[in-house]
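A.B. asks: next one to model:
(2 chains)
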Amino acid sequence: MPGLGTSFGRGGATTFQQDLQNADCIVIQGSNMAECHPVGFQWVMEAKRRGAKIIHVDPRFTRTSAVADVHVPLRAGSDIVFLGALVNHVLQNELDFREYVVAYTNASAILRDDYADPEDLDGLFSGFDKDNRTYDHTTWAYEDAEAAAAAGDRQDHPGDDHPGDHGGEQHGETARSESYGSGGATMRAKPHHDPTLQHPRCVYQVLKRHFARYTPELVQDVCGVPPELFAEVADAVTRNSGRERTTAFCYAVGWTQHTVGAQYIRTASILQSLLGNIGRPGGGILALRGHASIQGSTDIPTLFNILPGYIPMPHAEKHLDLDRFVAEDSGKTGFWGNMRAYTVSLLKAYWGEHATATNDYCFDYLPRITGNHGTYDTVMRQIKGECKGYFVVGENPAVGSANAKMQRLGMANLDWLVVRDFQLIESATFWKDGPEIETGELTTEEIATEVFFLPAAAHTEKDGSFTNTQRLLQWHHKAVEPPGEARSELWFYYHLGKIIREKLAGSTDVRDRPLLDLAWDYGEEGPLAEPSADLVLAEINGSGPDGPLSSYTELKDDGSTSSGCWIYCGVRAEGVNQAARRKPGKEQTWVAPEWGWAWPANRRILYNRASADPDGNPWSERKRYVWWDAEEEKWTGADVPDFEPTKRPDYEPPVDARAQDGIGGAEPFIMQTDGRAWLFAPAGLADGPMPTHYEPFESPVDNALYGQRENPTREAYDRPDNRYNPAGSDVFPFVFTTYRLTEHHTAGGMSRTLPYLSELQPEFFCEVSPALAEQRGLEHMGWATIVSARTAIEARVLVTERMKPLRVRGRIIHQVGLPYHWGPNGLSTGDAANELLSVVLDPNVHIQEAKAATCDIRPGRRPRGPGLLTFMDDYRRRAGVPEEGP
Amino acid sequence: MGNRLSGPLDDPAQDAGYPGGHPPRMGFFTDTSVCIGCKACEVACKEWNSVPEDGIDLLGLSYDNTGELSANTWRHVAFVEQKVSAPAVDIGMPTIGAPKQTDDQSGDRDGVRWLMSSDVCKHCTHAACLDVCPTGSLFRTEFGTVVVQDDICNGCGYCVPACPYGVIGKREGDGRAWKCTLCYDRIGDGLQPACATACPTESIQYGPLDELRERADRRLEELHEKGVEQARLYGRDPDDGVGGDGAFFLLLDEPEVYGLPPDPVVTTRDLPAMWKRAAVAAASVAAGVAWAFLGRS
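C.D. replies: Below is the predicted model:
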């Protein structure tokens, strides 16, 4: 989540769902919260009951829109224009919360004189390298401040020569930006400031010039939103911000799944910072995570490029030893300056007594990355024959990932595939009944992949924790033993590790040392020899000479402490599982600090030092939250202060201060090197220090602002199995967007096999407006075939007034809605919407553009068998897309 | 002594013969103005009560693929899509779009409104299903609710046409009648019914009917103050045709819009009058016959 990470210092929701009740206005954009987070949505309804205005900005009128006060339909993929116009509205009318902005943001920082804006360069920032489609960030830095390597650690490296790639587009991205989950990007010196905000090169003025063309007229032209409706939102948001009032923003994957996804979130971050809504009750940006424990799976990651606690994964060529690894962050101000302590403690957790000062704490044992090893890159390597084995756990890529066919082709070209799930999902059966078997592109006999299906235990059948949306860890206890051969993930990986270690025992090969030296002792309980989840939590929490640790501030870089994830340190403070606390809300304050445990340090609103003014007093009585108690000489309030508890508001850091000592008493963003929210991100993002509008990669229109049509740094892979719809193609004139329904869970593995859920949404459907239905001859409840350059799928048709055609760039744009839950297996079946999507990725986090693409739609069912291939050949020929072939 | 069959009735449990000191009448207030259509009520009901799946069919009724209450569906969320031609007023009502623009070829900018409402057995003050049940399978509980005892029901089906709301139904392959029990097996243990427990937005509220009615009156007033003039209570009035419902609703449009009868009447209301008339008729026939015989002599 580099959008939030570079803006504020941590890539997590800045607030928690219960706090929405305190908002005076809530903008839900890029999220269908009522449908996808119905339980958390109760707090939106509570806010509404208390008089808050609820605004839903979304291409579709959904169940969220149904209970909102205002629904703003906009074209999928145009959000930066809408949000940018709100920023412009604030700046032009000087509606920003000036005291907050001057004190707590980098608005006053002076930039270098060689920075050039997309306004000057027709859609490019300064430093663009045309050949590699990457930026050199040097010119984005503060004046006289050296920018450290920013998002990327980019470097081309040999061996990354996928045939069919655009030259240079595969640029060995190592995606450092994911590591801003906790800790902002690095700047080596604090900037010069102009608190009057008048200096022409101060961030405030640069920002103002950058967004000057984002007017209500542009919003109408690009988003299809009439000026009156825009004005209503602009008025609501600005009137409900300031000393006395706060506005909250909620978003989900409707913002992230774009080729400029991180910049959508940046735009909202800029707006909320200007309005003074970060770190304050009823404010903030609530990142609604996709599903259970997705926050947890980045905190203790299932990603290739980070280690637990957002410590970056070391690079094979750059990080030869621990010193060189932490050098990039050493001397840095802010809490990230303690990275060596966090890393050494992690290594101690992994390798225990084997990790010592003399062997660099086993730093050599850590795996290294050499480039992009993201999920889509891995699939392309499978197709190429380089990646031979695959674990599919809690995922169903055969229908759940963009360009699902590519996923299946990859899985069909492995030596082995392990699928762990509750049911025989499509990823476990594609080899006998996948779409390619039907078309004849694959035959079962010729697929060499050995597929192992292992039944998984449900959360009620194992101990463990969820870390949800608001960074909240909640423990669940096993209620029953798992049935039959079903086992927990913990059981699986523990025993797999144990067996491998047994097989390697006695090996003298040095390459086996990392496995053999692992601290791999988690007990074995009960008839199934289940390892103890509590012992795992104890390792994650960490311990020192005096037993369990209570806070990450206790971590040392001398090997005397261990912690499996520094940001979780304290979850088992005093040896007690804090995540298992379930004190009812009615028996404690509304903040409910004794329900579960939130990282970091059980803070519920991050950066809550900002809820007080620079002197430490609440901005207003109504929005009182955390403040400086002058008598007690400490910070106090409703939440755990997100600040050193006794650092005085008037503390001025000495010139040579490092780590947290370099953060002043009035600088709330303690994970940032300069303690401030970044309106302008001088480092940390691959595609620009400020958001700027680019069209989706597949868009029916040109870019109203620049000659540069789409994100110049997006990661595109034009190859026979991943053809793109040409820009502005008459053959693919409609926009489609994919989404979820309340009744099903993601790719359906947990819902399409259950009768009670399947009967509620029994088959795949598409949603179209009456106007589009008329234009294309589609009948309500009839069939439609939807086509992209990848393939064609069929769906039942729901004709609904809830889908609105929009006037954009002088023409009517129709949008087709496609819920993506389906596949051929289970009780509720249908084609997978993700067959239609291409693989084209955001350069910061390699996330696919699933929320805006183009298609054709026509009445009737799709051709079956080989007929589908002929049908597609015809479409590609008409659209001028290169033929399928080698 | 006969039980009352219609008209206002303060305490149906007492009317059914429960002695004093029985629990207060319990019920549901379903506030559809905060319903988000998540259908958690439908699923929770089925999970708790082991109600079978009711057909995996796409109905094309907006997001409603349940259709109606039946033996196998005890909670049903209706989805009503409406075009709203009136310009947006900031009244807390869902509206979209801006005033009409004549040069706008994207069609009218009129708003749409999407109503959602979770329907359930009304647990009528005067329950015709119960009145017509010949086996005593249907009975009035100490909470004033109406419950079918599945081990007594003989499947005669009299209750099915008797219900003025079309709630109760016979289960195919089973033959017996089934409907919402207001989770009789939960509320006796001090728990809430499954649907109310699962409802995330407190659209389904469970409690003593008196309290619910007060709460509903306040909510209605609040919505009227905000300008939501179409808001109304349904089944709240003890003077209505069923003597008021144990499960009543706050609606945002006419009941028919949600598939609810506008003026339900307990189908056994006229039984006393019918019997009276039948008795008069019988008496006059008897008198006629008697007269015929007497007249002869």
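A.B. asks: can you give me the strands for chain B?
C.D. replies: For chain B, applying DSSP state E gives strands covering B:26-31, B:75-84, B:111-120, B:138-140, B:146-148, B:169-170, B:177-178, B:204-208, B:232-234, B:247-251.
A.B. asks: just the helices in the stretch 751-886 of chain A please.
C.D. replies: Along the stretch 751-886 of chain A, counting by DSSP state H, counting those that start in this stretch, helices occupy A:755-758, A:770-776, A:867-879.
A.B. asks: looking at these, which is buried most?
C.D. replies: helix A:755-758 (a mean of 20; mean count of other C-beta atoms under 10 Å in any protein chain shown). Every C-beta, even on glycine, is put in place using the N, C-alpha and C of the backbone.
A.B. asks: could I get the average pLDDT for that one?
C.D. replies: The average pLDDT for helix A:755-758 rounds to 98.
A.B. asks: list the contacts of it.
C.D. replies: Residues from elsewhere that reach helix A:755-758 (C-beta atoms under 8 Å, 6 or more residues apart in numbering or on different chains): A:743-744, A:751-752, A:826-828, B:42-43, B:46-47, B:52-53, B:56.
A.B. asks: farthest-separated two in these?
C.D. replies: The widest separation within those, taken as C-beta to C-beta, falls between A:His744 and B:Pro52 and amounts to 20.1 Å.
A.B. asks: who's more crowded, the two?
C.D. replies: Neighbours of A:His744 and B:Pro52, each counted by other C-beta atoms under 10 Å in any protein chain shown, are more numerous for A:His744; the result is 22 against 17.
A.B. asks: next up, the contacts around the closest residue in space to the more buried one that isn't next to it in sequence.
C.D. replies: The shortest distance from A:His744 to any non-neighbouring residue, by C-beta to C-beta, 6 or more residues apart in numbering or on different chains, is to A:His821 (3.9 Å). Contacts of A:His821 were listed using C-beta under 8 Å, 6+ apart, and they are A:Arg740, A:Leu741, A:His744, A:His745, A:Thr746, A:Ala747, A:Gly748, A:Ser751, A:Arg752, A:Gln761, A:Phe764, A:Ser828.
A.B. asks: with distance to B:Asp31 added, can I get the helices of the stretch 751-886 of chain A in CSV?
C.D. replies: As requested, the helices of the stretch 751-886 of chain A are arranged in CSV below (distance: least, C-beta to C-beta, whole Å):
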stretch, distance to B:Asp31
helix A:755-758, 24
helix A:770-776, 31
helix A:867-879, 49
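A.B. asks: tell me which of these sits nearest to A:Thr267.
C.D. replies: helix A:770-776 (29.6 Å).
A.B. asks: average model confidence for that closest one?
C.D. replies: 98.
A.B. asks: can you check stretch A:360-372 too?
C.D. replies: Mean pLDDT, stretch A:360-372: 95.
A.B. asks: give the buried residues for stretch A:532-540.
C.D. replies: Within stretch A:532-540, the residues that count as buried by 16 or more other C-beta atoms under 10 Å in any protein chain shown are A:Ser532, A:Ala533, A:Asp534, A:Val536, A:Leu537, A:Ala538, A:Glu539, A:Ile540.
A.B. asks: so what are the domain limits for chain A?
C.D. replies: A:1-154+A:187-289+A:604-693, A:296-369+A:532-579, A:715-879 (automatic domain parsing).
A.B. asks: if I look at the residue minimising distance to the centre of chain B, what pLDDT would I see?
C.D. replies: Compute the mean C-alpha point of chain B, and by C-alpha atoms, centre = their mean the closest residue is B:Lys122, 2.9 Å away. If you check B:Lys122, the pLDDT there is 98.
A.B. asks: please name the nearest non-neighbouring residue to it.
C.D. replies: The shortest distance from B:Lys122 to any residue that is not its chain neighbour, by C-beta to C-beta, 6+ apart, is 3.9 Å, and that residue is B:Asp245.
A.B. asks: longest helix in chain B, please.
C.D. replies: Secondary structure of chain B per DSSP state H: the longest helix is helix B:271-296.
A.B. asks: quick check: longest helix of chain A.
C.D. replies: Across chain A, the helix with the greatest residue count (assigned by DSSP H) is helix A:489-504.
A.B. asks: which other helices and strands contact that helix?
C.D. replies: For helix A:489-504, the packing partners by 3 or more C-beta pairs under 8 Å, 6 or more residues apart in numbering or on different chains; DSSP states H and E come out as helix A:513-516.
A.B. asks: starting at the chain centroid, how far to the helix it packs on?
C.D. replies: Distance of helix A:513-516 from its chain centroid, counting by C-alpha atoms, centre = their mean, to the nearest Å, is 33 Å.
A.B. asks: do stretch A:552-570 as well
C.D. replies: Worked out by C-alpha atoms, centre = their mean, stretch A:552-570 lies 26 Å from the chain centre.
A.B. asks: pull out the buried residues from it.
C.D. replies: Judged by neighbour count using 16+ other C-beta under 10 Å, the buried positions of stretch A:552-570 are A:552, A:554-557, A:559, A:561-570.
A.B. asks: end to end on it, go ahead and measure it.
C.D. replies: Separation of the first and last residues of stretch A:552-570 by C-alpha to C-alpha, to the nearest Å is 7 Å.
A.B. asks: same check, this time on stretch A:275-289
C.D. replies: From its first residue to its last, stretch A:275-289 covers 24 Å (C-alpha to C-alpha).
A.B. asks: hang on, A:Val379 packs against A:Ala404?
C.D. replies: No. Using C-beta atoms under 8 Å, A:Val379 makes no contact with A:Ala404, being 10.4 Å away.
A.B. asks: got a list of contacts for stretch A:764-781?
C.D. replies: Residues external to stretch A:764-781 that are found in contact with it (C-beta under 8 Å, 6+ apart): A:60, A:734, A:784, A:786, A:795-805, A:812, A:814-819, A:821-822, A:829-831, A:833, A:857-859, B:58, B:60, B:107.
A.B. asks: and the residue at the greatest distance from the centre of chain A, how close does it get to chain B?
C.D. replies: If you look at how far each residue of chain A sits from its centre, by C-alpha atoms, centre = their mean, the farthest one is A:Gly506, at 42.9 Å. When distances are taken as C-beta to the nearest C-beta, to the nearest Å, A:Gly506 and chain B turn out to be 53 Å apart.
A.B. asks: repeat that for A:His291.
C.D. replies: If you measure A:His291 against chain B using C-beta to the nearest C-beta, the figure is 16 Å.
A.B. asks: do you know how far B:Phe248 is from B:Tyr234?
C.D. replies: Here the criterion is C-beta to C-beta, to the nearest Å. By it, B:Phe248 lies 6 Å from B:Tyr234.
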